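just a sequence and a predicted model for now, questions to come.
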Amino acid sequence: MNRNMELSGQSCEHLLWHPEEAHQLHRDALSDYCQLQAAALTDGIELRIASAFRDFDRQLAIWNAKATGLRPVFSDGGQALNLASLSDKEKVYAILRWSALPGASRHHWGTDIDVYDAAAIGEEYTVQLTQDEYDQGGAFYPLHEWLLNAMDTGRSRGFFQPYAQDRGGVAPEPWHISHRPSAGHYEQHFCRDWLESVIVGSHIELKAEIVDNLDDILRRFVDLPKESLSEKGG
Ligand SMILES: [Zn+2]
């Protein structure tokens, strides 16, 4: 059984390619996503994937690049932080605000997707996935509203938003949707000791600080609040 490999993004066997977009999704999420796309299109929204399945090595590369200063780490205000002025523990928490811990990303499962509206932008526009774009006045505000309405009325094909609110951990991600019927399976099997073994066995930067603070990291950045676990519909 390679469930643990799927859980940590180290298996592709449960994935299918989207017929038109260059992204892989969980085989049980693909047709619901395509139906969500079709429903959005009838309201003038061209739902597109910015990111779907992301494997462990990709997430590890992002983490290590941030931990070593090769990629910027941003503050809540959007300014690049001076990593050299932070303790190792502060570095871990600063990175976690915007990037998932490798092994603990919902994108490893193929059940979670970052989406935008291609109808709202020109060809030359580069999608940023920032709060501004999804807030009132932003290009993707109509998509944001459409998704909320679909979820409220049970027409979201099983998709919900695990990071809709700021709980002090992961910054709000209005672009991130998760397919409940296929993600629930991974949520159930995800556990602390398994994650610790994945972290210890990897070549991750700041490993000691991650392991020392793993319980707190899980509480703040990984565990979902109870209310988001009971899906409203669809
Ligand atoms: Zn995401």
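Perfect, I can see it now.

nearest to the ion: which residue in the chain?
Nearest to the ion in the chain, going by CB to the ion, is H176, at a distance of 3.7 Å. For every residue, glycine as well, the C-beta is placed using N, CA and C.

contact partners for that residue?
H176 is in contact with R106, D112, I113, D114, Q161, P162, Y163, counting by CB atoms under 8 Å, 6 or more residues apart in numbering.

could you list which of those residues also contact the ion?
D114 (CB under 5 Å from the ion).

so among the contacts of H176, where is pLDDT lowest?
The member of those with the lowest pLDDT is Y163, at 84.

circling back to that earlier point, okay, the contacts of H176 in CSV with neighbour count and secondary structure next?
Formatted as CSV, the contacts of H176 follow (neighbours: other CB atoms under 10 Å; DSSP: H, G, I helix; E, B strand; the rest coil):
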residue, neighbour count, secondary structure
R106, 23, helix
D112, 27, strand
I113, 28, strand
D114, 19, strand
Q161, 19, coil
P162, 19, coil
Y163, 21, coil
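
what lies in contact with the helix or strand where S197 lies?
Using DSSP states H and E, S197 maps to helix 192-200. Here helix 192-200 makes contact (CB under 8 Å, 6+ apart) with 4, 7-8, 56, 101-104, 207, 210-211, 214-215, 218.

widest-spaced pair of these?
The span of the contacts of helix 192-200, defined through CB to CB, is set by F56 and D215 at 21.5 Å.

more crowded one of these two?
Neighbours per residue, other CB atoms under 10 Å: of F56 and D215, the larger number sits with F56, 19 against 10.

the more buried one reaches A100, doesn't it?
No: using CB atoms under 8 Å as the test, F56 is too far from A100 to be in contact (10.8 Å).

for the ion, what are the nearby residues on the protein?
Residues of the chain lying close to the ion (CB under 5 Å from the ion) are D114, H176.

going along the chain, name the helices of the chain.
3-7, 30-42, 56-67, 88-96, 131-134, 141-152, 180-189, 192-200, 207-212, 214-217, 226-229 (DSSP state H).

a markdown table for those, including distance to A80?
Shown next, in a markdown table, are the helices of the chain (distance: least, CB to CB, whole Å):
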| stretch | distance to A80 |
| --- | --- |
| helix 3-7 | 32 |
| helix 30-42 | 34 |
| helix 56-67 | 11 |
| helix 88-96 | 11 |
| helix 131-134 | 17 |
| helix 141-152 | 27 |
| helix 180-189 | 32 |
| helix 192-200 | 26 |
| helix 207-212 | 21 |
| helix 214-217 | 23 |
| helix 226-229 | 31 |
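
output the ones you listed in a markdown table; the columns should cover mean pLDDT.
Converted to a markdown table, the helices of the chain look like this (pLDDT from 0 to 100):
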| stretch | mean pLDDT |
| --- | --- |
| helix 3-7 | 90 |
| helix 30-42 | 98 |
| helix 56-67 | 96 |
| helix 88-96 | 95 |
| helix 131-134 | 93 |
| helix 141-152 | 96 |
| helix 180-189 | 92 |
| helix 192-200 | 95 |
| helix 207-212 | 98 |
| helix 214-217 | 94 |
| helix 226-229 | 48 |
